[in-house]
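Student: Sequence plus predicted model, see below.
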Amino acid sequence: MNIRIPALSFAILGLVALTLAPRCAKAVHSPPIMLRDVRVIDGNGGPPREHADILITGSRITAINAEPDGQPASSAAIKPPPNTTIIKLTGKTVLPGLISNHSHVGLVKGTTASGNNITRANILRQLKQYTAYGVTTVTSLGLNLKPFYDVQPQAHSGATRTADLFGADKGFGAANSAPPSSLDIQVYRPSTPEEARSQVRETAQRHPDLLKIWVDDMHGRFATKMNPELYKAVIDEAHANGLRVAAHVYYLDDARQLVGNGVDILAHGVRDKAVDSDFTQSIKSRGAWYIPTLGLDESFYIYAEHPEWLQQPFFRRSLQPSLAAQLSGTAWRTRILADTKTLASEKQALATNMKNVKALFDAGVNIGFGTDSGGTPLRIAGFAEHRELKLLTDAGLTPLQAIQTATKNAAALLHLDDRGIIAPGKLADLLVVDGDPSKDISAVDNIDSVWRRGRKVADARWFKPRRAKKPA
Ligand SMILES: [Zn+2]
């Protein structure tokens, strides 16, 4: 789409947008905002455009003025409406807010993950953290209880001033299998196809965005997997009720069967072996989605290896105090590093996952963006998404491809056409960073500000080291 806009229509577009009366009454009265002289990575995968101006009216982007060839826009072309607030951001890059397709909200508190942690306050705390890291839309892919549904409408409207929230209700596991029994209150465990169908219908009454199933043994952690008759019933009944199904997977054989039986989303990468051409063709022809969650296996060991970034404020600010203490202490670290067999298997899983996502991406398969952040204390809201972008580039995607995956593609997975790219008419959910992430993906860590529905909701102050509180 060509979004170069001549001077006159730029001003007109602003006026038209004002008279279209955005739904949020507050937005009507706030003056338009222009982000001036920015580099734009619009989420479509193309090269950045330099010296652009973005006009925001209410919650939406109403115009962009940039020369497509990277030359500065002529000064005559930049005519914002008279009462516009102009914010000069020379040298900074604006990209669409990041969108997670696989996270969990409210489950983790400190070093624990439990249904007892799921409260409105804990969900909001986590959504605030995602927001600070530039993740402006979060999908809580299963294990959700009532507080999720209480927060969701306010997250949709922007009232929470946090990331938006989508989700998959509780989800379905097999008896004595994944997910672990500590999460029992948050999951259905049907024993017959009829029971599964009835529980899907019960779920559908709560109108979730998606439905989640766990089919495998979590890499040998449990003795049994979900019987295919059960997941076929779940998928079939979900589709009959207008719901798409995302599946927890590890093994290629399960992924193949699930795709063959109509699953819509694979919520993790295939990690036991290389994907083959049959699988690739099958997932591609059916248009199903593949969320690699590269960071999942890495999260088990990476913090014990004490990488150089472990001490940087960008990471430290993501930690609750008890988790920070665990990572700094020797007991946990010694235990993780001593289990060399598990360590080797997790590293092999990551290596296989990286090869597979590159092969599937190159073949044109729909790749979503997610990390399973918030599923365990070590998969850390917001930070995990930045690590995932880095791992996607380590796997061979270009920085622009990784960004496209985390924005435009992630929005498409959720069937959201109001976000994911920077273009007139889209929600002004934006991440502003110093530097140029198209050259070096780590520039996405240099957060200047985060915008949700046209309002600045976080900025670099979040990452400033905090002074320790004086003891009472
Ligand atoms: Zn998960």
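Tutor: Everything's here; your move.
Student: what bits of the stretch 351-472 of the chain have low per-residue confidence?
Tutor: For the stretch 351-472 of the chain, applying pLDDT under 70 flags the ranges 466-472.
Student: Show me which residues of it are close to the ion?
Tutor: 372, 375 (CB under 5 Å from the ion). From N, CA and C alone the C-beta is placed, and that goes for glycine too.
Student: mind listing the helices for the stretch 351-472 of the chain?
Tutor: 383-394, 399-404, 410-413 (DSSP state H, counting those that start in this stretch).
Student: would JSON lines of the ones you listed with mean neighbour count be doable?
Tutor: Listed next are these as JSON lines, based on neighbours: other CB atoms under 10 Å:
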{"stretch": "helix 383-394", "mean neighbour count": "23"}
{"stretch": "helix 399-404", "mean neighbour count": "23"}
{"stretch": "helix 410-413", "mean neighbour count": "24"}
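Student: what's the neighbour count on S285?
Tutor: When counting by other CB atoms under 10 Å, one arrives at 10 neighbours for S285.
Student: Actually, G45.
Tutor: Neighbourhood size, G45 [other CB under 10 Å]: 16.
Student: tell me the contacts of the closest residue to it other than its chain neighbours?
Tutor: For G45, ignoring the flanking residues on the chain, the nearest one in space by CB to CB, 6 or more residues apart in numbering is Q404 at 4.1 Å. Counting by CB atoms under 8 Å, 6 or more residues apart in numbering, Q404 makes contact with 43-45.
Student: For L350, give me the pLDDT.
Tutor: Looking at L350, its pLDDT reads 98.
Student: by contact count, what packs against the helix or strand harbouring it?
Tutor: Element membership for L350, per DSSP states H and E: helix 340-362. Counting contacts by 3 or more CB pairs under 8 Å, 6 or more residues apart in numbering; DSSP states H and E, helix 340-362 packs against helix 277-286, helix 294-299, strand 366-367, helix 383-394.
Student: contacting residues around it?
Tutor: 219, 269-275, 280, 283, 290, 292-294, 297-298, 300-301, 336-337, 367, 391-392, 394-397, 401, 405.
Student: Return the set of buried residues in it.
Tutor: Across helix 340-362, burial judged by 16 or more other CB atoms under 10 Å covers 343, 345-346, 349-350, 352-361.
Student: Compute the inter-axis angle for that helix and helix 383-394.
Tutor: For helix 340-362 against helix 383-394, the angle by axes from the mean of the first three to the mean of the last three CA atoms, to 10 degrees is 70 degrees.
Student: between helix 340-362 and helix 277-286, how many degrees?
Tutor: Going by the same axes, to 10 degrees, helix 340-362 makes 50 degrees with helix 277-286.
Student: circling back to that earlier point, with pLDDT added, can I get the contacts of Q404 in a markdown table?
Tutor: What follows is these, written out as a markdown table (pLDDT from 0 to 100):
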| residue | pLDDT |
| --- | --- |
| G43 | 97 |
| N44 | 96 |
| G45 | 95 |
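Student: sec struct for K79, please.
Tutor: In three-state terms, and counting by DSSP: H, G, I helix; E, B strand; the rest coil, K79 is coil.
Student: burial measure for it, as a count.
Tutor: Counted with other CB under 10 Å, the neighbours of K79 add up to 16.
Student: Could you check how far it is from D53?
Tutor: Counting by CB to CB, to the nearest Å, the gap from K79 to D53 is 10 Å.
Student: go on, T131?
Tutor: Applying CB to CB to T131 and D53 gives a distance of 25 Å.
Student: before we move on, what about E195?
Tutor: On the measure of CB to CB, E195 and D53 end up 57 Å apart.
Student: ok, the two, which is more surrounded?
Tutor: Between E195 and D53, counting by other CB under 10 Å, D53 is the more crowded of the two (24 against 14).
Student: Quick one, grab the pLDDT at the nearest residue to the more buried one once chain neighbours are set aside.
Tutor: In space, and not counting its chain neighbours, D53 is closest to N65: 4.6 Å by CB to CB, 6+ apart. We have a pLDDT of 83 for N65.
Student: Surely N65 and V40 touch.
Tutor: No: counting by CB atoms under 8 Å, V40 is not a contact partner of N65; they are 10.3 Å apart.
Student: For these two, list the residues in contact with both.
Tutor: Contacts common to N65 and V40, judged by CB under 8 Å, 6+ apart, are A52.
Student: Contact partners for whatever residue of the stretch 101-250 of the chain ends up closest to the ion?
Tutor: Going by CB to the ion, the ion is nearest to L141 of the stretch 101-250 of the chain, at 5.1 Å. Counting by CB under 8 Å, 6+ apart, L141 touches 101-104, 167-168, 171, 210, 212, 246, 267, 370, 372.
Student: Mind checking which of those are in strands?
Tutor: 101-103, 167, 212, 246 (DSSP state E).
Student: Backbone torsions only: list them for L95.
Tutor: Note on L95: backbone dihedrals following degrees, to the nearest 10 are phi -130, psi 160.
Student: A325: which of the helices of the stretch 351-472 of the chain is closest?
Tutor: helix 383-394 (17.1 Å; CB to CB).
Student: Show me what the closest one is packed up against.
Tutor: By 3+ CB pairs under 8 Å, 6+ apart, helix 383-394 packs against strand 98-103, helix 294-299, helix 313-316, helix 340-362, helix 399-404.
Student: Which one of these lies nearest to K439?
Tutor: helix 399-404 (7.1 Å).
Student: Now find how far off-centre the closest one is within its chain.
Tutor: Computed by CA atoms, centre = their mean, to the nearest Å, the chain-centroid distance of helix 399-404 equals 14 Å.
Student: Report the backbone C-alpha coordinates of that helix in CSV.
Tutor: Taking C-alpha atoms only, helix 399-404 is exported to CSV below (Å, rounded to 0.1, in the frame of the first residue of the first chain):
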residue,chain,number,x,y,z
PRO,A,399,15.8,-8.0,11.8
LEU,A,400,13.0,-6.7,9.6
GLN,A,401,11.6,-10.2,9.2
ALA,A,402,11.7,-10.8,12.9
ILE,A,403,9.9,-7.5,13.5
GLN,A,404,7.3,-8.3,10.9
